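K.L.:
sequence and predicted structure, then a few things I'm wondering about:
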Amino acid sequence: MDHQTTPLVSVRNCRQAYHKDSSADLVVLDDVNLTLQEGEIVALLGRSGSGKSTLLRIVAGLLKPTSGDVRWRGEPLRGPAPGVAMVFQSFALFPWLTVQENVELGLEALGVGKDDREERSEEAIDLIGLGGYDGAYPKELSGGMRQRVGLARALVVHPDLLLMDEPFSALDVLTAETLRTDLIDLWMDGKLPVKSILIVTHNIEEAVLMADRILVFSSNPGRVAHELQVPFAHPRNRFDPAFREMVDDIYGIMTRRKAPEVHTAAAAPNPFAHVLHPVGTNLMAGLLETLRSEPYNGRADLPALAAALQYEVDELLPLGETLSLLGFALLEEGDILITETGRRFTEAETEDRKTIFADAVRTHVPLITEIRNVIDQRSNHRAASVRFRDQLEDHMSPEYAEETLRTVIAWGRYAEIFEYDEEAQQFGLEEEDEDEHNE
């Protein structure tokens with residue numbers, strides 16, 4: 001078979017779903033297509049929960065998809081792919097082993113002899129800038145140095161494909177920038193013993209800095225919403241106007257509103273089918289006040305706002321989307337605008353803010369209204385949270401169900417719509433509301 005025309009990796013019509021008892025399957029990925037050629041860096045860009053890491057494990061052969069065709073060099077992939085190595089977000093080092101011993105693990109698993117292992121591990125350690133630290137233990141290293149060990153451990157086996165799962169997200173900004181730059185320099189100089197790199201990230205600038213192609217994922221379920229070619233040569237200048245324009249365009253893509261669902265009177269929106277971001281009211285108020293003030297005066301460019309607030313896309317977009325959900329702001333093609341309701345909220349006193357917030361969540365978060373209705377109908381004005389958690393899990397993962405429930409508890413308490421007893425795990429009425437019900 002001609003490897004010049006055969007992709008390194010080919011994924012067609014990939015679907016990953018997990019069966020849930022007594023309810024519909026939880027679909028993580030749906031109809032995902034991916035082709036990876038030798039000599040390119042491809043970024044999978046999307047929000048947390050969009051299935052990017054799941055796809056990475058499918059490509060590695062560590063996870064068999066529910067359906068679809070996955071091929072390695074044109075052959076069906078069955079089990080772990082040969083010639084693939086992975087770098088994880090967590091450093092995943094064995095603390096009782098030295099740097100060299102950690103790096104040699106992969107070679108040892110392949111049955112490489114001791115002398116060969118030592119020579120190749122020393123080369124890999126020197127390559128990623130850790131020469132002289134061969135005998136050090138992980139606890140003696142900084143976070144950036146530990147991630148370099150993880151990188152050396154992946155490179156030492158000379159993989160055809162290097163998979164990277166948010167490899168810089170656990171590092172501080174400067175350390176991440178240094179490691180990212182070093183990796184690209186080695187790639188451009190032909191010193192990395194790999195043929196292609198597939199990297200998962202939720203950092204838009206990182207994707208544009210590193211990748212030749214970017215696949216932008218949508219969520220629930222994860223799909224490739226857009227495929228973008230990055231036209232810039234390395235090294236790339238993040239302050240170049242064309243670079244900034246591409247970052248801005250991707251923010252626009254990721255904040256583009258879906259067509260609204262049409263609900264008839266007979267088919268009201270399901271209060272249990274919408275995942276809520278764990279965004280606190282203080283954060284909402286802080287962003288609204290920032291938007292209303294100078295220099296934004298009600299409207300801000302999301303990339304510029306993210307830079308000013310030192311927010312990642314995974315921090316800013318959920319916050320913006322929550323404000324949009326509640327009617328306090330609008331997201332438009334990479335910009336965020338404060339609404340009249342949002343402006344009233346920022347100008348109000350504490351008690352009036354609670355009233356405005358209560359009106360917003362009652363209008364836009366049907367789960368909060370559902371919980372209050374159940375409490376009102378009960379003679380003791382109490383309802384166990386497990387009831388609502390179970391219904392949420394019919395439509396989302398247990399993690400998202402818990403996250404959504406905790407968010408509803410926080411918002412409902414702030415708005416004084418209900419109280420919550422943590423020990424009994426029960427919703428109830430505020431004392432004044434209960435007195436009114438009993439009269």
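P.N.:
Perfect, thanks for sending it. Numbering: from 1, shown residues only.
K.L.:
what is the host helix or strand of residue 359 packed up against?
P.N.:
Using DSSP states H and E, residue 359 sits in helix 350-364. Packing contacts for helix 350-364, counted by 3 or more C-beta pairs under 8 Å, 6 or more residues apart in numbering; DSSP states H and E, involve helix 340-347, helix 366-377, helix 398-414. Every residue, glycine included, has its C-beta placed from N, CA and C.
K.L.:
I'd like the average pLDDT over it.
P.N.:
Throughout helix 350-364, pLDDT has a mean value of 93.
K.L.:
can I get the CA coordinates of that helix in PDB?
P.N.:
What follows is helix 350-364 as a C-alpha-only set of coordinates in PDB (Å, rounded to 0.1, in the frame of the first residue of the first chain):
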ATOM      1  CA  THR A 350     -28.300  44.100  46.700                       C
ATOM      2  CA  GLU A 351     -32.000  43.100  47.300                       C
ATOM      3  CA  ASP A 352     -33.200  44.500  44.000                       C
ATOM      4  CA  ARG A 353     -30.400  42.400  42.300                       C
ATOM      5  CA  LYS A 354     -31.800  39.300  43.900                       C
ATOM      6  CA  THR A 355     -35.300  40.200  42.500                       C
ATOM      7  CA  ILE A 356     -34.000  40.700  39.000                       C
ATOM      8  CA  PHE A 357     -32.000  37.500  39.200                       C
ATOM      9  CA  ALA A 358     -35.000  35.600  40.500                       C
ATOM     10  CA  ASP A 359     -37.200  36.800  37.600                       C
ATOM     11  CA  ALA A 360     -34.400  35.800  35.100                       C
ATOM     12  CA  VAL A 361     -33.900  32.200  36.400                       C
ATOM     13  CA  ARG A 362     -37.700  31.600  36.800                       C
ATOM     14  CA  THR A 363     -38.100  32.700  33.100                       C
ATOM     15  CA  HIS A 364     -35.000  31.000  31.600                       C
END
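K.L.:
how far off centre is that helix?
P.N.:
29 Å (C-alpha atoms, centre = their mean, to the nearest Å).
K.L.:
okay, the helices and strands packed on helix 350-364 in CSV with mean neighbour count and distance to residue 166 next?
P.N.:
Supplementary listing: the helices and strands packed on helix 350-364 in CSV, determined by neighbours: other C-beta atoms under 10 Å; distance: least, C-beta to C-beta, whole Å:
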stretch, mean neighbour count, distance to residue 166
helix 340-347, 18, 32
helix 366-377, 18, 30
helix 398-414, 18, 17
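K.L.:
between those, which gets nearest to residue 64?
P.N.:
helix 398-414 (22.0 Å; C-beta to C-beta).
K.L.:
other residues contacting that closest one?
P.N.:
Here helix 398-414 makes contact (C-beta atoms under 8 Å, 6 or more residues apart in numbering) with 49, 274-281, 354, 357, 361, 365, 367-368, 371-372, 385, 388-389, 392-393, 396, 418-420, 427.
K.L.:
which residues of this structure score low on pLDDT?
P.N.:
Flagging of the chain using pLDDT under 70 yields the residue ranges 1-4, 20-24, 91, 257-269, 431-439.
K.L.:
still on that earlier bit, buried residues, the helix holding residue 359. List them.
P.N.:
For helix 350-364, burial by neighbour count (16 or more other C-beta atoms under 10 Å) applies to 353, 354, 356, 357, 358, 360, 361, 364.
K.L.:
so which of those comes closest to residue 62?
P.N.:
If you rank these by distance to residue 62 using C-beta to C-beta, residue 364 comes first, at 39.8 Å.
K.L.:
surely that closest one and residue 325 touch.
P.N.:
Yes - contact between residue 364 and residue 325 holds when scored by C-beta atoms under 8 Å: they sit 5.7 Å apart.
K.L.:
dump stretch 422-429 to CSV, restricted to CA.
P.N.:
Backbone C-alpha positions of stretch 422-429 (Å, rounded to 0.1, in the frame of the first residue of the first chain) are rendered in CSV as follows:
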residue,chain,number,x,y,z
GLU,A,422,-27.1,19.9,52.7
GLU,A,423,-27.3,17.3,55.5
ALA,A,424,-30.7,16.0,54.5
GLN,A,425,-30.1,16.7,50.8
GLN,A,426,-33.5,18.3,50.5
PHE,A,427,-35.0,21.4,48.9
GLY,A,428,-37.4,23.4,51.0
LEU,A,429,-39.1,26.8,51.3
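K.L.:
buried residues in it?
P.N.:
Within stretch 422-429, the residues that qualify as buried are 426, 427, 428, 429, counting by 16+ other C-beta under 10 Å.
K.L.:
so what touches the helix holding residue 359?
P.N.:
The contact list for helix 350-364 (C-beta under 8 Å, 6+ apart) reads 281, 285, 325-328, 341, 344-345, 348, 368-369, 372, 411-412, 414-417.
K.L.:
tell me the angle of it relative to helix 398-414?
P.N.:
With axes from the mean of the first three to the mean of the last three C-alpha atoms, to 10 degrees as the basis, helix 350-364 and helix 398-414 are set at 140 degrees to each other.
K.L.:
relative to helix 366-377, how tilted is helix 350-364?
P.N.:
100 degrees.
K.L.:
quick one, helix 350-364 and helix 340-347 angle?
P.N.:
Using the same axes, to 10 degrees: helix 350-364 against helix 340-347 is 160 degrees.
K.L.:
ok, residue 339 touching residue 326?
P.N.:
No - applying C-beta under 8 Å, one finds residue 339 not in contact with residue 326, separated by 9.5 Å.
K.L.:
who's more crowded, those two?
P.N.:
residue 326 (23 against 17; other C-beta atoms under 10 Å).
K.L.:
which positions within stretch 46-63 qualify as buried?
P.N.:
Taking 16+ other C-beta under 10 Å as the neighbour-count basis, stretch 46-63 is seen to contain the buried residues 46-47, 49-61.
K.L.:
please apply the same query to stretch 321-333.
P.N.:
Buried-residue list, stretch 321-333, by 16+ other C-beta under 10 Å: 321, 322, 323, 324, 325, 326, 327, 328, 329, 330, 331.
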